[in-house]
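> With the sequence up front, the predicted model follows.
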Amino acid sequence: MNNFNSILEFINKTPKTELHLHIEGSLEPELMFKLSKRNKVEIPFKSIDEIKSAYNFTDLDSFLKIYYEGSNVLINEEDFFDLTWEYILRCKKDNIVHTEIFFDPQSHIPRGISFDTVINGIHKALTRAHTEFGITSKIIMCFLRHLDEEQCFEVLNHAVRHKDKIIGVGLDSSEKGNPPQKFKSLFEEAIKEGFLTVAHAGEEGPPEYIWDSLNLLKVKRIDHGVQCLQDDKLVEKLRDSNIPLTVCPLSNIKLCVFDKLENHNLKKMLDKGLRVMVNSDDPAYFGGYLNTNLIETAKALQLSLEDIKILIQNSFKSSFLDEKTKNNWLSKI
């Protein structure tokens, strides 16, 4: 591709925001190993290399198995602080000036870890990030969709006590067989409590799941959404309503949603005028943080400098920042 060096330079120098990042999915093998020793938690790996070699997945469920095993090492507030702080250092390196992170309390509460321990550790690291580096952030609590809606209401009650820290709720975990419809009452209650809503939809699930997320869960953003191109009416709706789609290219390859990056449909989505952007999802497991996702995708899909600019602009436009701050960052791209 012509002039790839200028694209590389642009990606590295331009301020960015990330809107689809699971904080537990930024648990690098080194930190997992360190915390397993610190907390005396048995993990099924004898070395850091063994953990790395286990990071080969055939689909979403095979990834989730090791993702939940990894979460077992997170026990104390300090662990959640360390986890979040490591991600913040990556943000600084990748010139991410604003991040909106997901966390999964239902991965921790059944292990006897209190909601407060999780949210306070994450929040303290994000507060320090703002003080030391000027990096701003929002926190979104996700419900695990393979669990019953009833169990999720208990977690929502915890979130209500932390409205000063949590801006919204999302839906993640195994998509197939767990339609948005299942969580309609839960999301209605969350909206009543003043939370913004987002949902993973159309990653492995059908376009109907995207429709239902919009119509039943009243989401402000669709996380992933790559299956939308199967439905022309849906594409029209997403484009005309400027619905953000937080696409995660390297994640999609690792989880076999697409066989290789060259066959990813991000460029097609962009060309159809959809508000797509690039994110890293679970970067420790999927082989790359935000800049790596942008660089690898630009190479594989032969994206132009203008394409990259639009992806980064879309991210800021789709963030939950106030309009003045958004416009300030947009003027710097």
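Structure's in. What do you need?
> pretty sure residue 20 belongs to a helix, no?
No. Under DSSP: H, G, I helix; E, B strand; the rest coil, residue 20 sits outside any helix and is assigned strand.
> What separation do you get for it and residue 116?
Going from residue 20 to residue 116 by C-beta to C-beta, to the nearest Å gives 25 Å. Every residue, glycine included, has its C-beta placed from N, CA and C.
> When those two are compared, which one has more neighbours?
The neighbour comparison of residue 20 against residue 116 (other C-beta atoms under 10 Å) goes to residue 20, with 30 against 12.
> And the strands in the stretch 51-200 of the chain?
With DSSP state E, counting those that start in this stretch, the ranges of strands along the stretch 51-200 of the chain come out as 96-103, 136-144, 166-172, 196-201.
> Of those, which stretch is the most buried?
Stretch with highest mean neighbour count among the strands of the stretch 51-200 of the chain: strand 196-201 (a mean of 26; mean count of other C-beta atoms under 10 Å).
> Specify the angle between the helix or strand following that strand and strand 166-172 in degrees.
Per DSSP states H and E, strand 196-201 leads on to helix 207-215 as the next helix or strand towards the C-terminus. Interaxial angle, helix 207-215 versus strand 166-172 (axes from the mean of the first three to the mean of the last three C-alpha atoms, to 10 degrees): 160 degrees.
> between helix 207-215 and strand 196-201, what angle do the directions make?
Using the same axes, to 10 degrees: helix 207-215 against strand 196-201 is 180 degrees.
> Now do helix 207-215, average pLDDT.
Average pLDDT, helix 207-215: 98.
> Show me what that helix is in contact with.
By C-beta atoms under 8 Å, 6 or more residues apart in numbering, the surrounding residues in contact with helix 207-215 are 171, 175, 179-181, 199, 201-202, 219, 222, 225, 227-228, 230-231, 234, 237-238, 243.
> Would you mind checking those for buried ones?
Neighbour-count burial (16 or more other C-beta atoms under 10 Å) applied to the contacts of helix 207-215 gives 171, 175, 179-180, 199, 201-202, 219, 222, 225, 227-228, 231, 234, 237-238, 243.
> Can you report how many residues neighbour the residue lying closest to residue 68 once chain neighbours are set aside?
Spatial nearest neighbour of residue 68, chain neighbours left out: residue 107 (6.0 Å); criterion: C-beta to C-beta, 6 or more residues apart in numbering. Look at residue 107: counted by other C-beta under 10 Å, it has 22 neighbours.
> can you check the one 10 residues further on too?
Taking other C-beta under 10 Å as the neighbour definition, residue 117 ends up with a count of 20.
> For it, which residues are in contact?
76-77, 80, 108.
> okay, it: pLDDT?
98.
> Off-centre distance for the helix or strand of the chain with the lowest mean pLDDT?
When the helices and strands of the chain are scored by mean pLDDT, DSSP states H and E, helix 60-71 comes last with a mean of 84. Distance of helix 60-71 from its chain centroid, counting by C-alpha atoms, centre = their mean, to the nearest Å, is 15 Å.
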